[in-house]
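Asker: the amino acid sequence is not available; the structure is as follows:
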């Protein structure tokens, strides 16, 4: 039979782990709302003065950090592509589209990667793609970001509008976008809770580093 002292020590240890393993702590939280109807999004035809920049996983990064009570794991999606269309050199007049191959998820150990790809989490066999299409980019953002990006994110069979801070820069033949924000996985029906004594955190930290070149 376990002594009260041993039980108390275990509880305190788990509490300390919980304090350390909060991926979204101190980070901007993405605002999630109903998806914007296609009819309310700007016409797809490029406006005059539009320059298209393309990015892929070559030179760019799409990383994430997830956690449970006792551990934190950093991973990435290693296959993605997209475009940034810039009008008259203005970031706030831009549109961003991206497509991610969910099966390209990489994290250590390999057993965890396999579990994250399963139906408990991303279910990559059923949902092989995740997609993002921006609907608005406004100047100013949290934590010193230059802009706030809003768009429809399709993930795990769920499409919702998300808004997050990003630092955007357009110069010559290059367009860069950097962002770091937390998002609640349950907003996209990823609800696996983990073990009763080692629960999985709801927030996932997303880190974007996009380097696009003029096409």
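Answerer: Yep, that arrived. Here the structure is a predicted model, which is why all the values come from computation and not from measurement. Residues are numbered from 1 along each chain as shown.

Asker: from here on, just use CA atoms for contacts and neighbour counts.
Answerer: Will do.

Asker: out of the helices and strands in the chain, which is least certain?
Answerer: Lowest mean confidence among the helices and strands of the chain (mean pLDDT, DSSP states H and E): helix 4-20, at a mean of 49.

Asker: and the next element down the chain from that one?
Answerer: Moving toward the C-terminus from helix 4-20, the next helix or strand (DSSP states H and E) is strand 28-29.

Asker: give me the contacts around that following strand.
Answerer: Outside strand 28-29, the residues that touch it by CA atoms under 8 Å, 6 or more residues apart in numbering are 142, 143, 164, 165, 180, 181, 182, 183.

Asker: so who does the fifth one touch?
Answerer: By CA under 8 Å, 6+ apart, the contact list for residue 180 reads 27, 28, 165, 166, 205, 206, 207, 208.

Asker: quick one: these as TSV, columns for neighbour count and secondary structure too.
Answerer: Shown next, in TSV, are the contacts of residue 180 (neighbours: other CA atoms under 10 Å; DSSP: H, G, I helix; E, B strand; the rest coil):
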residue	neighbour count	secondary structure
27	14	coil
28	18	strand
165	27	strand
166	26	strand
205	24	strand
206	21	strand
207	17	strand
208	16	strand
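
Asker: what's the lowest-pLDDT member of those?
Answerer: Across the contacts of residue 180, the bottom pLDDT score, 89, is held by residue 27.

Asker: low-confidence ranges, this structure, go.
Answerer: 1-20, 38-47 (pLDDT under 70).

Asker: go with 80
Answerer: Along the chain, the model assigns pLDDT under 80 to residues 1-21, 37-48.

Asker: which residues touch residue 108?
Answerer: Taking CA under 8 Å, 6+ apart as the criterion, residue 108 is in contact with 73, 74, 75.

Asker: which single one of those residues is nearest to residue 131?
Answerer: Using CA to CA, the shortest approach to residue 131 within the contacts of residue 108 belongs to residue 75, at 18.4 Å.

Asker: helix or strand for that closest one, which one?
Answerer: With DSSP H and E as criterion, residue 75 is part of strand 72-77.

Asker: quick one on the thing from earlier: buried ones among the contacts of residue 108?
Answerer: By neighbour count, with 16 or more other CA atoms under 10 Å, the contacts of residue 108 hold residue 75 as buried.

Asker: is it possible to get TSV of the contacts of residue 108 that adds distance to residue 153?
Answerer: Below are the contacts of residue 108 laid out as TSV (distance: CA to CA, whole Å):
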residue	distance to residue 153
73	23
74	21
75	19
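
Asker: ok, the helix or strand harbouring residue 85: who's next to it in the sheet?
Answerer: Using DSSP H and E, residue 85 falls within strand 80-87. Here strand 80-87 is paired, per DSSP bridges, with strand 50-56 (antiparallel), strand 90-101 (antiparallel).

Asker: following the longest one, which helix or strand shows up next?
Answerer: Think strand 90-101. strand 105-107.

Asker: okay, now residue 142: neighbour count?
Answerer: Number of residues near residue 142 (other CA atoms under 10 Å) recorded here: 15.

Asker: just the one 5 residues further on next, same as before
Answerer: Around residue 147 sit 22 other residues, with neighbours defined as other CA under 10 Å.
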